[in-house]
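Enquirer: Based on what follows, work out the 3D shape:
(chains A, B and C)
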Amino acid sequence: MSNHDQNAHRPVKRNEMSRRQFLSYTLGGATAFMAAGVALPMVRFAVDPILKKKSGSTLIKVVEESKVTNEPQEFKFKIHQIDGWYVSDPEQTAWIRKDEQGKYYALSPVCKHLGCTIGWNTEKNNEYVCPCHGAHYTIEGKALSVAPKPLDEYELEVKEGWIYLGPIKENTRV
Amino acid sequence: MLKNVYNWIDERLDITPLWRDVADHEVPEHVNPAHHFSAFVYCFGGLTFFITVIQILSGMFLTMYFVPDILNAYKSVDYLQHKVAFGGIVRGMHHWGASLVLVMMFLHTLRVFFTGSYKAPREMNWVVGMLIFFIMLGLGFTGYLLPWDNKAYFATKVGMQIADAVPYVGPYIKQLLQGGDIIGAETLTRFFAIHVFFLPGALLALLGAHFIMIRRQGISGPL
Amino acid sequence: MAHGHKSNEKVIYVGDSRVKKPKSVGSDTIPPDYTAFPGKSEAFIPNFLLKEWMVGCVALVGFLVLTIAEPAPLGYPADPTNAAFIPMPDWYFLFMYQFLKYPYASGDYVAFGILGVPGIAFAALLLAPFLDTGKERRFYRRPIASALMLLSLFSLFYLTKVSWDHYEHELEITNTIPEHHVREEKAREAWEEAQANGGVPVEEAVIPIVDEDDPVMEIVKANCVGCHATDLKGNESANVPALRGVGDDHTKEELVEIVTNGLGGGRMPAFGENLSAEQIDQLATWLAKQKKAE
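Expert: Okay, here's the model as predicted:
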């Protein structure tokens, strides 16, 4: 409330004025203290999700190295997900392939257009195709039509002949 | 700048009298603890309101995490209290605030009673105040079930048995509150709705009436 | 300032629309005054509210200290089959809870107990201004109203106290620790263990039941699960031990002895009369097999 502005109009004696102003400031301070005391814990409580430390990325064993070919193949794996008070192991899909240099990469099957699930070579043209709005991607995940961005990639590591996948990141290949 | 905005609004809506009435009304000496220390008994009404505000705010924040379902209510309360930063404090505020608001309201009621402030012309305000008291008790009762731990469950069971024992209408009251034959999923959602929407709605309306009547009638005079 | 029905004083409602406000000092509303009251009055904002909020600040600090010092209790998830739990309403309903235990407020008289006394008391409280209509406001000048209020207050405090004492007594004789304390204690122990373990929480493995298909399960189902729970995990809050892993704590001979003669002054009943020696032997053999799988 703009007390002071209003009081400024009033022709009151000067010393009276300063006392009133002092009281107003003290009242403002007390108000701020009480509001902060009540609101701070609650606000911290509400914004906790953005301040929570992200749990370190865990890599999940997906498939033996030898099974991955130059042709992209679909592999399913389970991640351990803790969603508040729900603990679940949802299944995820990755399209894994070995490129010409023998490097592995795994693409996420979520179309970057509107989030449908893409498939490999469904139109027999060696492209990833989204059935919803006809988005097309190259074998590297580069968007050819409709979609604004290339397909996302999984973080990937090869250890002792096995391929491990981590969290999703932006495509680094195109 | 702010002053201009204020003036612009004031020109159109004439809001100054609204808050000037609240801000500038004179408060008599006999309720002022600075003049008579014993006048602190007049603070309990204000404290009740302050804690009610805390209750409303902390309750709003708690619903960000709480799920009114028998499988997840306990888990979500457990999660928000132990895994979310300041969750223990926020739930503590709501839990202890519930007790404190009743204590403050009790003291406020006693002050009004023993100073005879409920007498004419303030009868209606007393009745509204008592209704607020009953609503607060209802909020306490319905809120107690929500964490869905043993204490909540069995206390509600006792409450339901009391409701059941009311002659003639008892079984119907019980059935209506439970939403079924047992205390279970339907009871929990019902209690949640009553606790979060129905009773607070009624409470706000009654509080508004309480305050408007206080402003219109002024505080009761000295004894 | 008593305003009775036939008050011949002129009643001045502060802020009353019927009281004409002098329109002199520009748009500035003249604050309604309390000239009817003697003494020094002061403006609500900032003078009076500041004093009120000093009290508010003290109350708030006290309140926050309470919430930090004493976490809100949370027991174990509701289990309708838990027979050992002593139900208690929240403290502000205890007086009612206690009142309904008395002979003329329960059983055949329960209608009277619920509607009679509390119903009349609450209705009287609600309608107090219409029952106590005299002009007099001082409590010592209206003895009936004050006496009734004091009597009700006394009974409120008395009933609450009796109820609480009864609960404490019940806890003592059944040797029960309220489960929110048990839970808090466990959480603290787990935390300390985790700290000692270098910050890694120790997950308590569920001990499996060994030989679940054994025919002796029939005896267990008929006699044991009532107290030791259908999953044989016992009942922590009532201090009933789990039967899972019981073989780690007792030998077969000890188990025969416990089942036959009971334990803890009847807390574990004696089954020597209900079961044959052969049955007890089978049971103890099976129980002795209940060891942690390691």
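Enquirer: For the strand or helix carrying C:Val61, which outside residues touch it?
Expert: Element membership for C:Val61, per DSSP states H and E: helix C:49-69. Outside helix C:49-69, the residues that touch it by Cβ atoms under 8 Å, 6 or more residues apart in numbering or on different chains are A:23, A:26-27, A:30-31, A:33-34, A:37-38, B:32-34, B:40, B:43, B:46-47, B:50-51, B:54, B:88-89, B:92-93, B:96-97, B:100. Any C-beta I mention is one placed from the backbone N, CA and C, and that applies to glycine too.
Enquirer: What helices and strands are in contact with the helix or strand just after that helix?
Expert: Moving toward the C-terminus from helix C:49-69, the next helix or strand (DSSP H and E) is helix C:94-99. Helices and strands touching helix C:94-99, by 3 or more Cβ pairs under 8 Å, 6 or more residues apart in numbering or on different chains; DSSP states H and E, are helix C:143-173.
Enquirer: What subset of the contacts of helix C:49-69 is buried?
Expert: Neighbour counting by 16 or more other Cβ atoms under 10 Å in any protein chain shown classes A:23, A:27, A:30-31, A:34, A:37-38, B:32-33, B:43, B:46-47, B:50-51, B:54, B:88-89, B:92-93, B:96-97, B:100 among the contacts of helix C:49-69 as buried.
Enquirer: Intersect the residues you listed with the contacts of chain C.
Expert: A:23, A:27, A:30-31, A:34, A:37-38, B:32-33, B:43, B:46-47, B:50-51, B:54, B:88-89, B:92-93, B:96-97, B:100 (Cβ under 8 Å from any Cβ of the partner chain).
Enquirer: Least confident secondary structure element in chain A?
Expert: In chain A, no helix or strand scores lower on mean pLDDT, DSSP states H and E than helix A:3-9, which sits at a mean of 51.
Enquirer: Surely B:Tyr172 is in a helix?
Expert: Yes - according to DSSP: H, G, I helix; E, B strand; the rest coil, the state of B:Tyr172 is that of a helix.
Enquirer: Just the buried residues of the helix holding C:Val61, please?
Expert: Those would be C:49-56, C:59-60, C:63-64, C:67, for helix C:49-69 by 16+ other Cβ under 10 Å.
Enquirer: Which one of those is nearest to chain B?
Expert: C:Thr67 (3.4 Å; Cβ to the nearest Cβ).
Enquirer: shaky segments in chain A?
Expert: A:1-17, A:55-57 (pLDDT under 70).
Enquirer: who touches the closest residue to A:Lys149 other than its chain neighbours in this structure?
Expert: Distances taken as Cβ to Cβ, 6 or more residues apart in numbering or on different chains place A:Lys112 nearest to A:Lys149, at 4.3 Å, with adjacent residues excluded. Contacts for A:Lys112 (Cβ under 8 Å, 6+ apart) come out as A:Ala135, A:Ala143, A:Ala147, A:Pro148, A:Lys149, A:Pro150, A:Leu151, A:Asp152.
Enquirer: 7 Å instead?
Expert: A:Ala143, A:Ala147, A:Pro148, A:Lys149, A:Pro150, A:Leu151 (Cβ atoms under 7 Å, 6 or more residues apart in numbering or on different chains).
Enquirer: Relative to B:Asp164, how far out is the nearest residue to C:Gly113 once chain neighbours are set aside?
Expert: Excluding the flanking residues, the one nearest C:Gly113 by Cβ to Cβ, 6+ apart is C:Ala105, at 2.8 Å. Computed as Cβ to Cβ, to the nearest Å, the C:Ala105 to B:Asp164 distance reads 15 Å.
Enquirer: So which of the two has more stuff around it?
Expert: C:Ala105 (20 against 17; other Cβ atoms under 10 Å in any protein chain shown).
Enquirer: confidence score at B:Arg91?
Expert: B:Arg91 carries a pLDDT score of 96 in this model.
Enquirer: For it, give me the backbone phi and psi.
Expert: phi -70, psi -40 (degrees, to the nearest 10).
Enquirer: what does C:Asn82 give?
Expert: phi -70, psi 100.
Enquirer: Give the full set of residues in contact with A:His34.
Expert: Wrong residue type there; residue A:34 is Met, not His. Contacts of A:Met34 (Cβ under 7 Å, 6+ apart): C:Trp53, C:Gly56, C:Cys57, C:Leu60.
Enquirer: could those be laid out in JSON lines, adding pLDDT?
Expert: Shown next, in JSON lines, are those (pLDDT from 0 to 100):
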{"residue": "C:Trp53", "pLDDT": "92"}
{"residue": "C:Gly56", "pLDDT": "94"}
{"residue": "C:Cys57", "pLDDT": "95"}
{"residue": "C:Leu60", "pLDDT": "96"}
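Enquirer: how deep is A:Leu107 tucked in, by neighbour count?
Expert: Other residues close to A:Leu107 by other Cβ under 10 Å number 26.
Enquirer: Isn't it up against A:Trp95?
Expert: Yes - in terms of Cβ atoms under 7 Å, A:Leu107 counts as a neighbour of A:Trp95; the distance is 4.6 Å.
Enquirer: Could you list the low-pLDDT ranges of chain B?
Expert: For chain B (pLDDT under 70), the answer is none.
Enquirer: how about the helices in it?
Expert: Assigned by DSSP state H, chain B shows helices spanning B:2-13, B:16-24, B:44-62, B:73-82, B:87-114, B:123-145, B:150-164, B:170-178, B:185-193, B:199-217.
Enquirer: what does chain A give?
Expert: Under DSSP H, chain A gives helices at A:3-9, A:14-46, A:48-51.
Enquirer: Mean neighbour count, those: which tops it?
Expert: Comparing these by mean neighbour count (mean count of other Cβ atoms under 10 Å in any protein chain shown), helix A:14-46 comes out on top with a mean of 15.
Enquirer: what's the closest of the helices of chain B to A:Glu100?
Expert: helix B:73-82 (48.5 Å; Cβ to Cβ).
Enquirer: follow-up on the earlier one: possible to save the helices of chain B as CSV with distance to chain A?
Expert: Listed next are these as CSV, based on distance: least, Cβ to the nearest Cβ, whole Å:
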stretch, distance to chain A
helix B:2-13, 5
helix B:16-24, 6
helix B:44-62, 4
helix B:73-82, 4
helix B:87-114, 4
helix B:123-145, 17
helix B:150-164, 17
helix B:170-178, 25
helix B:185-193, 16
helix B:199-217, 16
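Enquirer: Please name whichever of these is nearest to A:Met42.
Expert: So among these, helix B:44-62 is nearest, using Cβ to Cβ, at 4.4 Å.
Enquirer: Now do the buried residues in the closest one.
Expert: Here helix B:44-62 shows B:44-52, B:54-55, B:57-59, B:61-62 as buried, counting by 16+ other Cβ under 10 Å.
Enquirer: name the helices or strands packed onto it?
Expert: helix A:14-46, helix B:87-114, helix C:49-69 (3 or more Cβ pairs under 7 Å, 6 or more residues apart in numbering or on different chains; DSSP states H and E).
Enquirer: could those helices go into JSON lines alongside distance to C:Val117?
Expert: Shown next, in JSON lines, are those (distance: least, Cβ to Cβ, whole Å):
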{"stretch": "helix A:14-46", "distance to C:Val117": "39"}
{"stretch": "helix B:87-114", "distance to C:Val117": "19"}
{"stretch": "helix C:49-69", "distance to C:Val117": "34"}
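Enquirer: Out of those helices, the one nearest A:Glu170 is which?
Expert: helix A:14-46 (29.6 Å).
Enquirer: and the angle for the closest one with helix C:49-69?
Expert: Compare the direction of helix A:14-46 with that of helix C:49-69 by axes from the mean of the first three to the mean of the last three Cα atoms, to 10 degrees and you get 20 degrees.
Enquirer: quick one, helix A:14-46 and helix B:44-62 angle?
Expert: Here the directions of helix A:14-46 and helix B:44-62 differ by 30 degrees (the same axes, to 10 degrees).
Enquirer: which residues of chain C fall in helices?
Expert: Ranges of helices in chain C, per DSSP H, are C:49-69, C:94-99, C:110-111, C:120-126, C:128-131, C:143-173, C:179-196, C:217-223, C:225-228, C:252-261, C:277-288.
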